[in-house]
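Chemist: got a sequence here, can you model it:
(chains A, B, C, D, E and F)
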6 protein chains.
Amino acid sequence: MNPFDYDRTQPQQFGGVLPAARSFDESQAVILPVPFDRTTSYGQGTKHGPRELLLASAQVELWDEEMGVDVHPHGMFTAPELDLSGRGLDDAINEIGRVTGGILDAGKFLITLGGEHSITSPIVEAVASRHKGVTVLQIDAHADLRDSYLEEPHSHACAMRRTLAHASLVQVGIRNVSEEEAKAIPGLPTTIFYDWNMRDDPKWIDKAVAALSDTVYITIDLDGLEPGLMPAVGTPEPGGLSWRELTTLLRRTFESRRVVACDVVELCPIPGFASPNFVAARLVYKLLTYKFGSTKPGRA
Amino acid sequence: MNPFDYDRTQPQQFGGVLPAARSFDESQAVILPVPFDRTTSYGQGTKHGPRELLLASAQVELWDEEMGVDVHPHGMFTAPELDLSGRGLDDAINEIGRVTGGILDAGKFLITLGGEHSITSPIVEAVASRHKGVTVLQIDAHADLRDSYLEEPHSHACAMRRTLAHASLVQVGIRNVSEEEAKAIPGLPTTIFYDWNMRDDPKWIDKAVAALSDTVYITIDLDGLEPGLMPAVGTPEPGGLSWRELTTLLRRTFESRRVVACDVVELCPIPGFASPNFVAARLVYKLLTYKFGSTKPGRA
Amino acid sequence: MNPFDYDRTQPQQFGGVLPAARSFDESQAVILPVPFDRTTSYGQGTKHGPRELLLASAQVELWDEEMGVDVHPHGMFTAPELDLSGRGLDDAINEIGRVTGGILDAGKFLITLGGEHSITSPIVEAVASRHKGVTVLQIDAHADLRDSYLEEPHSHACAMRRTLAHASLVQVGIRNVSEEEAKAIPGLPTTIFYDWNMRDDPKWIDKAVAALSDTVYITIDLDGLEPGLMPAVGTPEPGGLSWRELTTLLRRTFESRRVVACDVVELCPIPGFASPNFVAARLVYKLLTYKFGSTKPGRA
Amino acid sequence: MNPFDYDRTQPQQFGGVLPAARSFDESQAVILPVPFDRTTSYGQGTKHGPRELLLASAQVELWDEEMGVDVHPHGMFTAPELDLSGRGLDDAINEIGRVTGGILDAGKFLITLGGEHSITSPIVEAVASRHKGVTVLQIDAHADLRDSYLEEPHSHACAMRRTLAHASLVQVGIRNVSEEEAKAIPGLPTTIFYDWNMRDDPKWIDKAVAALSDTVYITIDLDGLEPGLMPAVGTPEPGGLSWRELTTLLRRTFESRRVVACDVVELCPIPGFASPNFVAARLVYKLLTYKFGSTKPGRA
Amino acid sequence: MNPFDYDRTQPQQFGGVLPAARSFDESQAVILPVPFDRTTSYGQGTKHGPRELLLASAQVELWDEEMGVDVHPHGMFTAPELDLSGRGLDDAINEIGRVTGGILDAGKFLITLGGEHSITSPIVEAVASRHKGVTVLQIDAHADLRDSYLEEPHSHACAMRRTLAHASLVQVGIRNVSEEEAKAIPGLPTTIFYDWNMRDDPKWIDKAVAALSDTVYITIDLDGLEPGLMPAVGTPEPGGLSWRELTTLLRRTFESRRVVACDVVELCPIPGFASPNFVAARLVYKLLTYKFGSTKPGRA
Amino acid sequence: MNPFDYDRTQPQQFGGVLPAARSFDESQAVILPVPFDRTTSYGQGTKHGPRELLLASAQVELWDEEMGVDVHPHGMFTAPELDLSGRGLDDAINEIGRVTGGILDAGKFLITLGGEHSITSPIVEAVASRHKGVTVLQIDAHADLRDSYLEEPHSHACAMRRTLAHASLVQVGIRNVSEEEAKAIPGLPTTIFYDWNMRDDPKWIDKAVAALSDTVYITIDLDGLEPGLMPAVGTPEPGGLSWRELTTLLRRTFESRRVVACDVVELCPIPGFASPNFVAARLVYKLLTYKFGSTKPGRA
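Modeler: All right, here's what the predicted structure looks like:
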């Protein structure tokens, strides 16, 4: 008799115990937790973000009432947490690129869970080396376009400046830009929708989608959302996207573009305050639903 | 001399020390706390909800600036907390029905404070056995239409399916439905306004009210509100009604229908975070104001 | 039918729902909550102390394994919270004296729950005017013997200086004394057991009890306990009595002296951290057990 | 060698370590923390508000993307915290007037950080004695027009009634008015925009600005904002202004009127929950940016 | 290439990433998390206990300075969490017995992590059916000898009464006994060391060990410890064992008896307060160290 | 008129507003906050430690009842926080040495407030280069004698190994040692008093003091205290010194040795839980009192 033949909870698996569990090989989507937290300048720590998001994810309803579908049989495999605690920053960045590249090579739709925003650039580099003409759609309060921050070019405050080496950007919800960034922006391959005036044009979502190329990577810094809905971030900024705005933008992007990978970063859980963790978990499942909601499950 | 002839706080009385306190017999409204919390699947517990709501209620302004009236002289009597801790689930459900039936028989406008959502079905049964043709207006993130959940037909996840045995439903703000529920809904006597698209029709509030019969019971699961405003619930869901949407819907319902009883459920207080408790207390007083705001105080 | 004929929780009643509940007249002990909090210089507020202590008290075991007795049939009646929020300080002090005097006149053993320590002096005045030769046993980190503090003679920092007008003191666990107090102490009718050296004498408990007259009032400022056990106070001080020291001192006092009334003050609940509230509730029940544990229940 | 010749953090300085630090004399703006908290009826205390706001302010981006400017070289000097703990209420009110008057006499743009709302009336008195025809623009959930509260005419609940002695009012976002206030309002020199219906007129912001005279004082009680965005206040009220509404109203006011001073009051920090502190800090910087954003730095 | 060939954190593994990781077959010890929480009457929930204990365990130093040894190469395998959420109480109790029996049959030293204390009786039953003459050493504040509690014989308040069917008891640190229990105790096969007087005998630890038979099961309810050290329990009780007392008692027991299995139960984590979780994790490792510290690693 | 001629709180000054404030030149003691937090492996952050300790210090009583003296007129000047956020680790270590050396050169008694333990070695280096034959008295749960940790020789886990290059050690309360450290210890110039057995010798405090040379530096890692009293540390360990043990050890050391400087490190404040901050602040004042309590104030 196998003593472990019993019902078990699934720690650190997106969705918890799934009716239709799938192996890595069987899964079309892979969720990779990267609790990397080194340069964040303030707060309680994004390194606890993936763990709390996955814990909350067990409460997410698998059926999506908007799309009328349950996509989890497509397979959403949660990989083990990538542990970068013993590495220097450059080494960590390289390792993120190597690991995410391997998952992309296996043909998976990758959603990486941060951790801090500096994980995005090696992933985009891995994506761009496998897909031509990638645009990055970034939802964020901060442009993150500094050339360096506190002498560190891989700070989260520089995340998107590093990313520009590999892809052009469409940045939405921006409401925090330094003077250095403001002066550099006209010369950079980025289209910015500033939070303070983007809604003056009722077509702003259409225009944001139109600015994207055919192949898209999506990076969602959770501080792009309204801080009332999402206070659990390192540097909250008033303003920001509502849930309806965010989901509409994402749905239209998935409907008209080929999204090849995503990340959701900067969740800094607040002890005793679970609501933001649920919101982040639901957002990850929305990404999966928009990606696979109109197709039948199949091999990755 | 009576040693208790002194100023006192009013523990567990809605509104605290009231200028015009009323006895049960003198009161038109009765507030019944039912801190029932047995099947909630996650979180800190709705059993603390009524106590914290009542504590916050002492800060609610009695004058309502929208209606231009102070309704508390109509009498709002807070009954003692119904203690169900020593009972099995079926027994508890029956006791809720018996007690609320007694209050309704006394001709009172009843507002029950949960506790979990499973308290609603016995109250609706009590209401429906005393009033013909009752419709239930439900504000909620979850349809709660499962036939059973974890083998328990009286789980909070089944609250409204049980209620359907006694009344038809109008459900507003719904953004969490299981596949089982989605498949059952077309055959059930319910009209659902899904959160993701209900605002596409600017007349959605009119249509929701129009779907109600003359006699109405209102059940408000606090997770129907936006989680930014109301994070203190067991399973928060992004999306949801704003305060303005909720109060507009309620006001129109009270203006054009006969609302006979209400409940406000699923408040799960977050230690050290008082704002949601205030919001819930103000909501209860809004219900009372809309009910009695256009009439003079009188005997129940 | 009476609609309130149902099981109910007992809000704000010491011990919650008691097997042998007693009316005021039938009770030998009365517990009076006085959430008075005006001059405390720092922290989250002792005004929430009585409410949280009473909430926790429902978990206290009625049988005391040390004394081998359940004293609650002697009757322990919880009076309504004394509300002093609309009064000036002098007026509040007078009202405390008037109300506690009335309870003492009814022949009750009174335990007052603070609130801040300034409530003690009017109670001691009320006690001393009814009993000759009262000594006050004070467990506290602070001597509270300032003549005035921030120009206010009824500040909690002066609580025991005011009390000296009515009774002499035995002060135990003291580890915070101002220079002003240190210089005044030699001329004041007080015997102090300083925390830093009182244990150098293994007979210190005997000596503390020996310093008491026949009739004793006990005031326990919870910061007299070790802050590890009791962190929920306004100004914690390292050092202090252990639970074993405190209960031994109290038991010996009750065994050899006539204790006529007590107070337990300065509980400042920490949201989300229940342990200190339990400790305070158990302490109140220890006082009752030591008082009544060797006699049969009877009329007050 | 000077041993303090080292990099230092700037405690209690708005913006932390500033690239272009300015002395009092060199600064056009002065930020005065007044952690005055005496009569607030509920909660954890506004006295911690200024400290937490200043702590968060070190994370505020100095460049404002809306105005396209960094105004901090105009000079924003943070004065030491005004300590009123040893004073009676009338004395404290007088001292606030004296100190703020001195800063105004030095020709500074003053932003006072509360602390409770009762600090506003002496500042407005100081402003009105130096500028003719001042109107006060108040963003608030509460009218604060009681003539007295708990027998105290300087309670925060009476803050604006006291202010009326010195200036007329335009009150925005009001959603809590007592019956006494409601009856008094028609006879008072105030224009109220009630939260429940002010948005029924799409020109409400224009009308609010039009109601102001040429010279304006702005007082922002943070509970005027939505409680989802700003839960860290003593008495949260559902409803309220969004960030976009507030910033639009403020920008239009600064563009068309001469704003001479402001205050931001009633921040009651929630331990472990930093988002509201960031929002408040950003709001203070928005005030500075709207004030100085269209002019060159120069002498105050 | 295997995309998962990377450094990883070990979620829910005692000790985290271990230098000498061992499979189940290679391990002499097995740690089984059972987050069972159904009947606990108050608090935030023991169901989060195993997860937080395991999270903290990654910080425990593997070398034990008292024993001068690192026992982890003996193998300490953490089994998946046993999920009992879909079962009735009797069914859950049976399943605990079945699963733990299987692990015992494999010859492992089992440490079960609760969850509530009701998990102990089926484990003891499983142990007693495999080993003759087992005594249970219980460290606890509560005797847990009620025959039933709220009509439920498997309540945590009855945990040890159920256990008595399978083994005799030695109970240490007891300071909460109901009258029903007090009267039943003389007729029950248990030796109780009451907290209030056990230290009056300097040989109390020797006597507790002497009362044990050769084969011992140890159950540690964390509320047996001092609440200052261990506040994170459902019903804290002042008094209790110090760390030194507990470790001395455990060491002597392991040195002179054959301990076959243990459990550590009733950890109710307090959000944001990590210290108790560390203490519990260190305690589990102390059990392993005392068990294996004097032998060489080898096959289970 | 000077507009800043008003009563003010003293942010970030030990003791707050002092009756006898002293300038740097007039002060015999200097308190230097160093909120350095880079390599701590877990928790909420020691970088907030100095700020919260200083905030709590305003409540510390200046008169010490043990020594019968108020030492603050000797002058205790709080230097500005040393900001190391823009520096690499080696650079930061050097800067700490340079700054503390400057203060020592001015003849001051230096108390440095951490921040993490890695700040100790450069201070000891600065001390040892100015005083011959220094011994370091370390109170700590962890030996911190690793040669490197995660490839970083200046990790807090290596703090005392680095220190050994400059002085020999006496380590007290140690209860966490890695195997690497255990094997290295016999060859290192350190005397260790392990927590698990040091109290077996009633003369352990005498022996610890006897092991010190004439000139002593004291480093107190707050996790050396019992975690019940001091839970606000990064890696709490059960066991540890009581307040009485710690103060007795310190008093004897100051009485018989020449203590030239101290540090108090690793305070990781827990939001909403103030007691540990008070304990740490009182400890700092105990160091000052033991240092100066037997001498008259005079020039540094």
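
Chemist: the residue in chain A that chain B sits nearest to: how many residues sit nearby?
Modeler: Residue of chain A nearest chain B, by Cβ to the nearest Cβ: A:Gly228 (3.2 Å). Any C-beta I mention is one placed from the backbone N, CA and C, and that applies to glycine too. As a burial measure, A:Gly228 scores 27 neighbours (other Cβ atoms under 10 Å in any protein chain shown).

Chemist: go on, A:Ile218?
Modeler: Applying other Cβ under 10 Å, we find 25 residues neighbouring A:Ile218.

Chemist: again with A:Asn197
Modeler: 11.

Chemist: that one against D:Gly68, yeah?
Modeler: No - under the criterion of Cβ atoms under 8 Å, A:Asn197 makes no contact with D:Gly68, lying 11.5 Å away.

Chemist: which SSE is A:Ala280 in?
Modeler: helix A:275-292 (DSSP states H and E).

Chemist: pLDDT of that helix, averaged?
Modeler: The average of the pLDDT scores along helix A:275-292 is 98.

Chemist: is it positioned near chain B?
Modeler: Yes - using Cβ under 8 Å from any Cβ of the partner chain, we find that helix A:275-292 touches chain B at A:Ser275, A:Phe278, A:Val279, A:Arg282, A:Leu283.

Chemist: could you do stretch A:69-82 as well?
Modeler: Yes - judged by Cβ under 8 Å from any Cβ, stretch A:69-82 comes into contact with chain B at A:Asp70.

Chemist: spit out the contact partners of A:Val172.
Modeler: Residues counted as contacts of A:Val172 (Cβ atoms under 8 Å, 6 or more residues apart in numbering or on different chains) are A:Leu137, A:Gln138, A:Ile139, A:Asp140, A:Phe193, A:Met198, A:Ala208, A:Gly224, A:Leu241, A:Leu249.

Chemist: which SS class is the second one?
Modeler: Right, A:Gln138. Recorded secondary structure, A:Gln138: strand (DSSP: H, G, I helix; E, B strand; the rest coil).

Chemist: check contacts around it.
Modeler: Contact partners of A:Gln138, counting by Cβ under 8 Å, 6+ apart, are A:Asp144, A:Met160, A:Leu169, A:Val170, A:Gln171, A:Val172, A:Ile218, A:Thr219, A:Ile220, A:Asp221.

Chemist: what of the third one?
Modeler: Listed by Cβ under 8 Å, 6+ apart, the contact partners of A:Ile139 are A:Val172, A:Gly173, A:Ile218, A:Thr219, A:Ile220, A:Asp221, A:Gly224, A:Leu225, A:Leu241, A:Leu246, A:Leu249.

Chemist: repeat for the fourth one
Modeler: A:Asp140 makes contacts with A:His117, A:Met160, A:Gln171, A:Val172, A:Gly173, A:Ile174, A:Thr219, A:Ile220, A:Asp221, A:Asp223, A:Gly224, as judged by Cβ under 8 Å, 6+ apart.

Chemist: pick out the most distant pair among these.
Modeler: A:His117 and A:Val172 (14.8 Å; Cβ to Cβ).

Chemist: quick check: chain neighbours aside, which residue is closest to A:Met67?
Modeler: Nearest non-adjacent residue to A:Met67, counting by Cβ to Cβ, 6 or more residues apart in numbering or on different chains: A:Gly293, 3.9 Å away.

Chemist: wait, the one you found sits on A:Asp64?
Modeler: Yes - the pair A:Gly293 and A:Asp64 qualifies as a contact (Cβ under 8 Å) at a distance of 6.7 Å.

Chemist: what about the residue nearest to A:Met67, neighbour count?
Modeler: Using other Cβ under 10 Å, A:Gly293 has 19 other residues around it.

Chemist: A:Asp206 too?
Modeler: For A:Asp206, the neighbour count with other Cβ under 10 Å is 13.

Chemist: which strand or helix spans it?
Modeler: A:Asp206 is part of helix A:204-210, with elements assigned from DSSP H and E.

Chemist: quick one: that helix near chain D?
Modeler: No - judged by Cβ under 8 Å from any Cβ, helix A:204-210 stays clear of chain D, getting no closer than 13.8 Å.

Chemist: other SSEs contacting that helix?
Modeler: With contacts taken as 3 or more Cβ pairs under 8 Å, 6 or more residues apart in numbering or on different chains; DSSP states H and E, helix A:204-210 sits against strand A:190-194, helix A:243-256.

Chemist: give me the buried positions along that helix.
Modeler: For helix A:204-210, the buried set under the neighbour-count rule, 16 or more other Cβ atoms under 10 Å in any protein chain shown, comprises A:Trp204, A:Ile205, A:Ala208, A:Val209.

Chemist: which residues touch the closest residue to chain C within the stretch 201-300 of chain A?
Modeler: Closest residue of the stretch 201-300 of chain A to chain C, Cβ to the nearest Cβ: A:Gly272 (6.0 Å). Shown in contact with A:Gly272 (Cβ under 8 Å, 6+ apart): B:Ile270, B:Pro271, B:Gly272, C:Gly272, D:Gly272, E:Pro271, E:Gly272.

Chemist: out of these, which is nearest to chain F?
Modeler: Among the contacts of A:Gly272, and counting by Cβ to the nearest Cβ, the member closest to chain F is D:Gly272, at 3.3 Å.

Chemist: quick one, grab the pLDDT at the closest one.
Modeler: Confidence at D:Gly272, expressed as pLDDT, is 91.

Chemist: what of A:Met1?
Modeler: Confidence for A:Met1, expressed as pLDDT, is 50.

Chemist: equivalent analysis for A:Gln13, please.
Modeler: 89.

Chemist: okay, now it: neighbour count?
Modeler: For A:Gln13, the neighbour count with other Cβ under 10 Å is 19.

Chemist: burial measure for A:Pro189, as a count.
Modeler: Counted with other Cβ under 10 Å, the neighbours of A:Pro189 add up to 9.

Chemist: near chain E, which residues of the stretch 51-200 of chain A?
Modeler: For the stretch 51-200 of chain A, the residues in contact with chain E (Cβ under 8 Å from any Cβ) are A:51, A:55, A:79-84, A:86, A:95, A:98-99, A:102-103, A:105-106.

Chemist: just for the stretch 151-300 of chain A, where's the confidence low?
Modeler: A:298-300 (pLDDT under 70).

Chemist: for chain F, what's its nearest residue on it.
Modeler: For the stretch 151-300 of chain A, Cβ to the nearest Cβ, closest residue to chain F: A:Glu151, 7.1 Å.

Chemist: could you pull out the strands in the stretch 51-200 of chain A for me?
Modeler: Under the criterion DSSP state E, counting those that start in this stretch, strands of the stretch 51-200 of chain A are mapped to A:63-64, A:69-70, A:76-78, A:109-114, A:134-139, A:168-174, A:190-194.

Chemist: contacting residues around the second one?
Modeler: Looking back up the chat, that one is strand A:69-70. By Cβ under 8 Å, 6+ apart, strand A:69-70 touches A:Leu62, A:Trp63, A:Asp64, A:Thr289, A:Gly293, A:Ser294, B:Glu179.

Chemist: again, 7 Å this time
Modeler: The contact list for strand A:69-70 (Cβ atoms under 7 Å, 6 or more residues apart in numbering or on different chains) reads A:Leu62, A:Trp63, A:Thr289, A:Gly293, B:Glu179.

Chemist: of all those, which comes closest to chain E?
Modeler: Chain E has its nearest neighbour among those in A:Leu62, at 16.6 Å by Cβ to the nearest Cβ.

Chemist: against B:Arg161, how distant is the closest one?
Modeler: Per Cβ to Cβ, to the nearest Å, A:Leu62 is found 19 Å from B:Arg161.

Chemist: of the two, which one has the most company?
Modeler: When A:Leu62 and B:Arg161 are compared for neighbours, B:Arg161 comes out ahead with 23 against 19, by other Cβ under 10 Å.

Chemist: show me the contacts for that one.
Modeler: By Cβ under 7 Å, 6+ apart, the neighbours of B:Arg161 are B:Asp144, B:Leu145, B:Arg146, B:Asp147.

Chemist: for the first one, what are phi and psi?
Modeler: In terms of degrees, to the nearest 10, the main-chain angles of B:Asp144 are phi 50, psi 40.
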